[in-house]
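>>> A structural model of the following input is requested.
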Amino acid sequence: MSDAPRTANSQGLGLKTHPRGLYYLVFTEAWERFSYYGMTSLLALYMVDQLLMPANAAHVAGLASLRTLLESISGPLSTRALASQIFGLYTGLVYFTPLVGGWLADRWIGQRNAVVFGALFMSAGHIAMTLDASFLAALVLLVIGSGLLKGNIAAQVGVLYPEWDEERRTRGFVIFSTGINVGGVLGPLVCGLMAQLYGWHYGFGVAAALMLLALAVYLHGYRHLPARVERSGIAAQRRMGSTEWRVSAALVAVMLMSVLQSIAYLQMYDVGPVWTQQHVARSVAGLTVPVPWYQSVTALASIVGVAPLLWLWRRQAVRAREPDEIAKMGIGAWLAAACNLLLAAASYAAADSRMSPLWPLLYVTGLGVAFLYYWPTMLALVARSAPPPVNATLMGLVYVSLFVSNTIIGWLGGFYERISPAAFWALHGAIAAGGGIAVILFGKRLRRTLQLSVQPAQCAPGSASLRRT
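Numbering: from 1, shown residues only. Alright, predicted model coming up:
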């Protein structure tokens, strides 16, 4: 499966030069992300408008016990606050469980089987979402399935290529990421439209159908995919030196800083749809715009914005003015802050009237650009700088930062009813600005520490000297 001799012919993305297994992985991930983002775009509104209403909540298995548990921690919860807590817990656990799924795959069942089991669990979860009574069971199934599937399918992309073929591997991940973004655009568009035309459960039903399609695609390409991703080797087994510990600590600090802009970005998925439904004019040129469509704009901006941003960075590089990774993350934080403050200003100006869709459109578009500045940059920084013995662990911690961020947005969503919309979005603007301020305060020290990652590594006695580039 190496396809090694063909690298010389690869130009651009070189679609014909990649292993066949890549395309099964791309389409599997595209349809899985379609189902995830499609369902998630409906989730907050569905809970607030239907599921958690007193007449319906009594029929949801386990909801009363969950509410009692949450209220024992945070105090009495309104319907809106309870919905926000559930949303935050669900989306947070989606990004935490891949650590467990990766451990199970590494030690027991292999990545290929883990993805199959994950797709089965997620398919069952999306089907269970079509019934109110099984709502919480559906979320549990989706969390388990995502944990098994998400990290393990990405790991399979890398081992489709021989170790020395870094160029084709990088292009393979670009193609794979495009599949994710396509699913992120189409999911809210289609599921949102179906929910508006025919009802919530039709939107969830479409998500279920696409998850089953993802499973079918993966099974069809099963024989072309690696059964297990080997993670052993001298570099991974040796003990770390003091310099590598300092670099690792600096990367963890960068992840903690990123939590602030992630909170400001991710609140778009929780309170954002509820705020849009309450305060934004829904009709444009006589057409009623489904609320989930705004989330598609963010994903679309993250696709369309790649080429202009790369062009800008190249021009800056020619003049030796391209920001480094830490600075780019700071720019992302300030952009997220500006987007939230824009929404705060629009909310204040509109008062009790419904505002033009232009303002939330600018908000979600700007967040898509902010995402490009900080999230892929952080992934690249960790991949480049993390010491070999803990490289995979630190990459896993990057996603744990999203678990922390989503859990916090669920808690912050409880303040939406207690303060004005303008104050709520201004609060998130201030949180994102905190990420920018942290870069100003600590960026220079972090840069100095991370520069050590390109020096010869501290090696244990008897091991080869390593240089990271």
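>>> Count the residues that sit near residue 412.
The tally of other residues near residue 412 (other C-beta atoms under 10 Å) stands at 19. From N, CA and C alone the C-beta is placed, and that goes for glycine too.
>>> Tell me, what's the model's pLDDT at it?
pLDDT for residue 412: 95.
>>> Over to residue 60: give its phi and psi.
phi -90, psi 120 (degrees, to the nearest 10).
>>> show me the contacts for it.
51, 132-133, 135-136 (C-beta atoms under 8 Å, 6 or more residues apart in numbering).
>>> what's the answer for residue 283, then?
With the criterion set at C-beta under 8 Å, 6+ apart, residue 283 makes contact with residue 289.
>>> Mean pLDDT per helix and strand in this protein: which one sits at the bottom?
helix 234-237 (a mean of 52; mean pLDDT, DSSP states H and E).
>>> quick one: low-confidence ranges for the stretch 301-450 of the chain?
Applying pLDDT under 70 to the stretch 301-450 of the chain flags the ranges 392.
>>> in the helix or strand following the least confident helix or strand of the chain, what's buried?
For helix 234-237, the following helix or strand on the C-terminal side (DSSP states H and E) is helix 242-279. In terms of neighbour count (16 or more other C-beta atoms under 10 Å), helix 242-279 has its buried residues at 243-244, 246-248, 250-251, 253-255, 257-276, 279.
>>> Then stretch 113-132?
Within stretch 113-132, the residues that qualify as buried are 113-130, 132, counting by 16+ other C-beta under 10 Å.
>>> Spatially nearest residue to the residue nearest the centre of the chain, not counting backbone neighbours?
When C-alpha atoms, centre = their mean is applied to the chain, the residue found nearest the centroid is residue 402 (7.2 Å). Leaving aside its sequence neighbours, residue 402 sits nearest to residue 95 (C-beta to C-beta, 6 or more residues apart in numbering; 4.0 Å).
>>> For the stretch 1-150 of the chain, which segments count as helices?
For the stretch 1-150 of the chain, the helices defined by DSSP state H, counting those that start in this stretch cover 20-46, 54-57, 63-74, 79-104, 110-128, 135-158.
>>> any idea of the angle the fourth one forms with helix 242-279?
Angular relation of helix 79-104 and helix 242-279 on a 0 to 180 degree scale: 150 degrees, by axes from the mean of the first three to the mean of the last three C-alpha atoms, to 10 degrees.
>>> just the last one next, same as before
On the basis of the same axes, to 10 degrees, helix 135-158 is oriented at 130 degrees to helix 242-279.
>>> switch to numbering from 4
I'll keep to 4 as the first residue from here, and by that count the last item is helix 138-161.
>>> Check which element follows helix 138-161 along the chain.
helix 169-201.
>>> Show me which parts of the following helix or strand past that next one are buried, residue by residue.
Next helix or strand after helix 169-201 toward the C-terminus (DSSP H and E): helix 203-223. Buried residues in helix 203-223, counting neighbours by 16+ other C-beta under 10 Å, are found at 203-204, 206-218, 220-221.
>>> How about stretch 309-328?
Using 16+ other C-beta under 10 Å as the test for burial, stretch 309-328 gives 309, 312, 328.
>>> so the second one sits right up against residue 372, yeah?
Going back to what we said before, that points to residue 312. Yes. Under the criterion of C-beta atoms under 8 Å, residue 312 makes contact with residue 372 at 7.5 Å.
>>> thinking again about what came up before, check the helices of the stretch 4-153 of the chain for me and report the most buried one.
Highest mean neighbour count of the helices of the stretch 4-153 of the chain: helix 23-49, a mean of 25 (counted as mean count of other C-beta atoms under 10 Å).
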